Structure formats: structure tokens, C-alpha cells
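Visitor: Sequence first, then the predicted structure:
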Amino acid sequence: MAEKVRLGFVPLVDCAIPVVARSMGFAEQENIDLELVREMSWAAIRDKLSYGVYEAAHLLAGIPIAARLGLGGVPVQHIVVPMALGRGGNAITVSTRLYQRMLEADPAAMHGPRGLSARALKKVIDEDRVAGRPVMSFATVFPFSSHNYELRYWMAAAGIDPDKDVNIGVIAPPRMFDSLRNGWVDGYCVGEPWNQRAVFHGDGVIVALKEDIWPRSPEKVLGVREDWVNSNPDTASALVRALVRAAEWADQPKNRAELAQMLSAEANVGAPFEVLKASLSGRPVLRPGEAPTEVPDRHVFYRYTATFPWLSQGSWVGTQMKRWGQVPADADLNAVVRQVYRPDLYRIAVRDLDVAVPKHDWRVEGVNNADDRAFVGPDSFLDNSIFDPETVS
């Protein structure tokens with residue numbers, strides 16, 4: 001008899017791996033009866049996972065770390081991460097009005113590397129301050145999200161203080177587009193398809209992609225309760241295998257159109273096929289009415305160790321929490337990451353599959369000419385910094 005696993009997800013392109021696992025039979029082949037439940041908010045998924053409504057969840061990479069630390073006004077929750085669910089897909093989108101202001105304020109910055117486009121935003125902010133205008137509002141999907149950290153990283157690299165120079169709030173991903181369209185926010189950082197949706201409707205312009213900030217930035221992970229894994233080790237391994245095999249299928253270019261059709265179903269993402277296809281094909285449209293831009297690694301589900309739960313990536317998330325005052329200064333972040341990110345579970349699950357697994361669980365991030373670059377993919381921070389997890393306390 002198949003083992004029942006309920007998995008909660010938020011409607012984003014990167015829910016593709018569990019959707020494929022169910023739809024293409026990978027879960028069934030691993031004797032898993034996978035039930036997917038669509039949720040609108042990350043807090044709801046976190047809490048339902050912790051209280052046993054779900055056995056597994058499509059989670060932001062920072063949520064399990066924050067849960068272990070008892071952040072966000074909730075008790076300590078023991079969620080572990082046996083695998084990652086791909087990388088890529090985020091973008092920073094601004095209103096067409098703000099885009100025009102940025103273009104006028106600093107054309108060179110807007111026509112240069114996308115990762116440095118916040119320099120133009122800095123000039124707009126300075127103009128508003130002199131004129132006595134209210135500060136602008138931006139949104140991310142959750143306080144402990146890569147979206148929040150990427151938006152802040154992009155701003156800070158241009159000299160913008162995200163805590164003083166702008167307002168940053170939280171909006172559920174499917175509501176981002178309407179919030180921008182109605183003028184409630186001036187910009188946001190969210191995963192696809194909610195950036196392409198704004199561009200296709202003529203209400204937003206993408207000014208930076210996740211790949212422009214840090215291509216290897218951690219994104220979504222598989223979250224499961226620690227007690228469930230301990231009580232159901234074989235089922236947990238089977239679930240990981242099903243999802244890894246689904247990731248390999250989803251990563252093949254020949255399957256991307258079928259994947260876009262699959263995700264367009266209302267029970268999954270529920271966005272128009274053409275919007276999903278633009279992003280999944282690696283040809284996103286950045287500005288309304290313009291030709292697509294070639295971004296081959298816009299969504300990576302399997303290549304470049306995209307399903308491996310790197311401890312060094314978890315450590316980077318922790319340092320961003322500390323940088324922005326979410327974590328006490330004396331928190332032993334790497335110790336927490338070791339408890340939460342579990343590459344040992346991943347290695348056990350895939351040992352009989354033909355999956356390329358790294359030799360080590362940690363690596364120095366951001367070294368673009370590293371020996372393993374071909375294995376892990378592009379790895380440059382927008383400010384050319386290097387992240388060494390051994391320097392993290």
C-alpha cells in the first residue's frame with residue numbers, strides 16, 4: 001500500500017518539482033501517494049507542517065532556520081531540509097512609473113549590468129528626500145526569504161539603506177501583481193510567474209534577476225518535520241528520490257512547454273500558459289512590448305547540484321538574518337544550519353540513483369573561477385564578494 005504524503009505548496013514556478021512528481025508518476029513509482037495542497041501564504045504552510053497537517057512542504061530556504069531559532073513570533077519548530085527544490089526564478093520588478101524615473105535619473109546605470117540598476121533607484125530616493133516626498137514602498141514574500149535578502153542586497157550594494165530609505169513589507173506572492181497595479185507598492189521581489197505577469201500586463205518592468213545578484217542564492221527547499229523523518233526514514237528517502245527524479249525531468253528543455261501547461265492548471269500555479277512558458281523557456285520579457293531576453297538558467301531544477309541542500313548556502317541565509325537584525329549577534333548560525341540542513345539524508349536517499357553528489361557539504365561561495373564551477377554553475381555575487389562559511393560564528 002502506498003504511503004500517504006501531504007505536501008503544501010505556494011503557487012510559483014518553483015513548485016514544479018512536486019507537481020511533476022505527482023503528475024508524471026515519479027511519486028507513485030516510489031510507492032508514495034502524494035497529495036498536493038495549494039496555499040497562499042508561507043506562514044500558513046510553515047504552521048500546518050509544524051502541527052502535522054502536512055508531512056512535507058515547499059518552503060522558503062530561510063523558514064526552517066528561522067523556525068529552529070523561534071523567530072517570527074512562533075515557538076521553536078523542528079523542521080529539517082533533506083533537499084533543495086531548485087534555484088533561480090526570482091526578480092525585482094518596479095512600476096512603469098518608477099522605471100521611467102530611474103531611467104531619467106541615471107541612464108548609464110539602467111543600461112549597464114542589471115545587478116547595479118539600484119544605483120538609479122538611489123538617485124530617485126535622493127531626489128524624493130530633497131523634495132520632501134514620502135518614502136517608497138517595496139514588498140517581499142516573507143521576512144525570512146531569499147527575496148527579502150536579495151532585494152536588500154541589491155539596494156545596499158548601491159548605498160540604499162533598506163531599513164531607512166524605503167519601506168519593505170510582506171505580501172503573498174499571488175497578490176504581488178495586483179498590489180503593484182493598484183499603486184499600493186512601487187516595486188517587489190518575488191518568484192515567477194508574478195514578475196512576468198506584471199510585464200505582460202504592461203504594469204511593471206523587471207530591473208534585476210536573481211541571477212544578477214547571486215545565481216547560486218538558495219531558493220526553495222523541501223521541509224519536513226524532524227520527528228516525522230525519524231519515524232519514517234524509508235518514506236522520507238522515497239519522497240526525496242521521487243522529487244529528485246522529477247527535478248531531472250523538469251530540467252530538460254524538451255519538457256518545458258509541457259511543464260508550463262501542467263503548471264497553468266488552476267490547482268497548481270493558475271497563471272496563463274504564455275506567461276509561464278516565457279519564464280520556463282529561459283526567454284523572459286523584462287520590459288512591456290520588448291523582445292525576450294535570453295537567460296538560459298532562469299530556472300534550474302536539477303543541474304548545478306540544484307537539489308543538494310548545501311550547508312554553505314544555509315549559512316549564507318543565516319548571515320543575512322544577522323546582517324539585517326533578525327538574529328541575535330551571538331547566535332551560532334553554523335550550528336543551527338547543521339541541525340536544519342541535512343545533506344546526510346539526501347545522500348542516503350539518492351545513493352542508488354545516478355545523481356552527481358558533491359564531495360563536501362560546505363564550499364566557499366562566490367569564487368567564479370573555483371575548481372568546481374562547471375559542477376555548481378555560475379557563482380558570482382553582484383559586488384564580487386566571497387562568502388566563506390568558516391568565518392561565520
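Guide: Right, received. Where do you want to start?
Visitor: how about the nearest residue to residue 365, chain neighbours excluded?
Guide: Leaving aside its chain neighbours, residue 365 sits nearest to residue 387 (4.2 Å; criterion: C-beta to C-beta, 6 or more residues apart in numbering). C-beta coordinates here come from the backbone N, C-alpha and C atoms, glycine included.
Visitor: That neighbour against residue 316, yeah?
Guide: Yes: at 5.4 Å, residue 387 counts as touching residue 316 under the criterion of C-beta atoms under 8 Å.
Visitor: Name the residues contacting each of the two.
Guide: Counting by C-beta atoms under 8 Å, 6 or more residues apart in numbering, the shared contacts of residue 387 and residue 316 are residue 365.
Visitor: the more surrounded of these two?
Guide: More crowded of residue 387 and residue 316, by other C-beta atoms under 10 Å: residue 316, with 26 against 20.
Visitor: Quick one: residues in contact with the helix or strand containing the more buried one.
Guide: Assessed by DSSP states H and E, residue 316 sits inside helix 311-323. By C-beta under 8 Å, 6+ apart, the surrounding residues in contact with helix 311-323 are 61-62, 65-66, 71, 81, 84, 144, 146, 149, 152-153, 216-218, 327, 329, 331, 333-334, 336-338, 340-341, 343, 361-365, 387, 389, 392.
Visitor: Which SSE is immediately downstream of it?
Guide: helix 333-340.
Visitor: what's the spacing between that following helix and its chain's center?
Guide: Offset of helix 333-340 from its chain centre (C-alpha atoms, centre = their mean, to the nearest Å): 20 Å.
Visitor: residue ranges with poor pLDDT in the stretch 101-250 of the chain?
Guide: For the stretch 101-250 of the chain, no stretch has pLDDT under 70.
Visitor: Same question for the stretch 251-393 of the chain.
Guide: 393.
Visitor: any chance you could map the strands in it?
Guide: All strands of the stretch 251-393 of the chain, identified by DSSP state E, counting those that start in this stretch, fall at 299-300.
Visitor: Please tell me how far the residue nearest to residue 365 sits from residue 302.
Guide: 24 Å (C-beta to C-beta, to the nearest Å).
Visitor: for stretch 1-13, what is the average pLDDT?
Guide: Throughout stretch 1-13, pLDDT has a mean value of 95.
Visitor: Please could you give me each C-alpha atom of it, formatted as CSV?
Guide: Provided in CSV are the C-alpha atoms of stretch 1-13 (Å, rounded to 0.1, in the frame of the first residue of the first chain):
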residue,chain,number,x,y,z
MET,A,1,0.0,0.0,0.0
ALA,A,2,1.3,3.4,-0.9
GLU,A,3,2.4,5.8,1.8
LYS,A,4,0.3,8.9,2.0
VAL,A,5,2.3,12.2,2.0
ARG,A,6,0.5,15.5,2.1
LEU,A,7,2.7,18.4,0.8
GLY,A,8,1.8,22.0,0.9
PHE,A,9,3.0,24.5,-1.7
VAL,A,10,2.6,28.1,-2.8
PRO,A,11,1.7,28.8,-6.5
LEU,A,12,5.0,29.6,-8.0
VAL,A,13,7.0,28.2,-10.9
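Visitor: and it, how far out from the chain's middle?
Guide: 18 Å.
Visitor: and what of stretch 42-51?
Guide: Centroid displacement of stretch 42-51 relative to its chain, using C-alpha atoms, centre = their mean, is 17 Å.
Visitor: what's that stretch in contact with?
Guide: 8-10, 39, 54, 56-60, 63, 67, 72, 74, 77, 79, 141-142, 145, 172, 223-225.
Visitor: ok, now stretch 243-261?
Guide: 16-18, 20-21, 24, 26-27, 29, 83, 85-86, 222, 273, 276-277, 280-281, 300-303, 306-307, 349-350, 353, 355.
Visitor: quick one: the helices in the stretch 201-350 of the chain?
Guide: For the stretch 201-350 of the chain, applying DSSP state H, counting those that start in this stretch gives helices covering 210-213, 226-231, 233-250, 256-264, 273-280, 311-323, 333-340, 343-350.
Visitor: Redo the ones you listed as a markdown table? Include distance to residue 186.
Guide: Compiled in a markdown table, the helices of the stretch 201-350 of the chain are given as follows (distance: least, C-beta to C-beta, whole Å):
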| stretch | distance to residue 186 |
| --- | --- |
| helix 210-213 | 19 |
| helix 226-231 | 40 |
| helix 233-250 | 33 |
| helix 256-264 | 28 |
| helix 273-280 | 22 |
| helix 311-323 | 23 |
| helix 333-340 | 32 |
| helix 343-350 | 39 |
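Visitor: Quick check: which of those has the most neighbours on average?
Guide: Comparing those by mean neighbour count (mean count of other C-beta atoms under 10 Å), helix 210-213 comes out on top with a mean of 25.
Visitor: Report all helices and strands that it contacts.
Guide: Helix 210-213 is packed against strand 87-88, helix 146-156, with contacts defined by 3 or more C-beta pairs under 8 Å, 6 or more residues apart in numbering; DSSP states H and E.
Visitor: Tell me which of the helices of the stretch 201-350 of the chain approaches residue 104 most closely.
Guide: Nearest to residue 104 among those is helix 210-213; the distance by C-beta to C-beta comes to 21.5 Å.
Visitor: Give me the distance from that closest one to the chain's centre.
Guide: Taking the mean of its C-alpha atoms, helix 210-213 sits 11 Å from the chain's own mean (C-alpha atoms, centre = their mean).
Visitor: Kindly report the same for stretch 42-58.
Guide: That offset, for stretch 42-58, works out to 18 Å (C-alpha atoms, centre = their mean).
Visitor: returning to that earlier point: just the buried residues of the contacts of helix 311-323.
Guide: 61-62, 65-66, 71, 81, 84, 144, 146, 149, 152-153, 216-218, 327, 331, 333-334, 336-338, 340-341, 343, 361-363, 365, 387, 389, 392 (16 or more other C-beta atoms under 10 Å).
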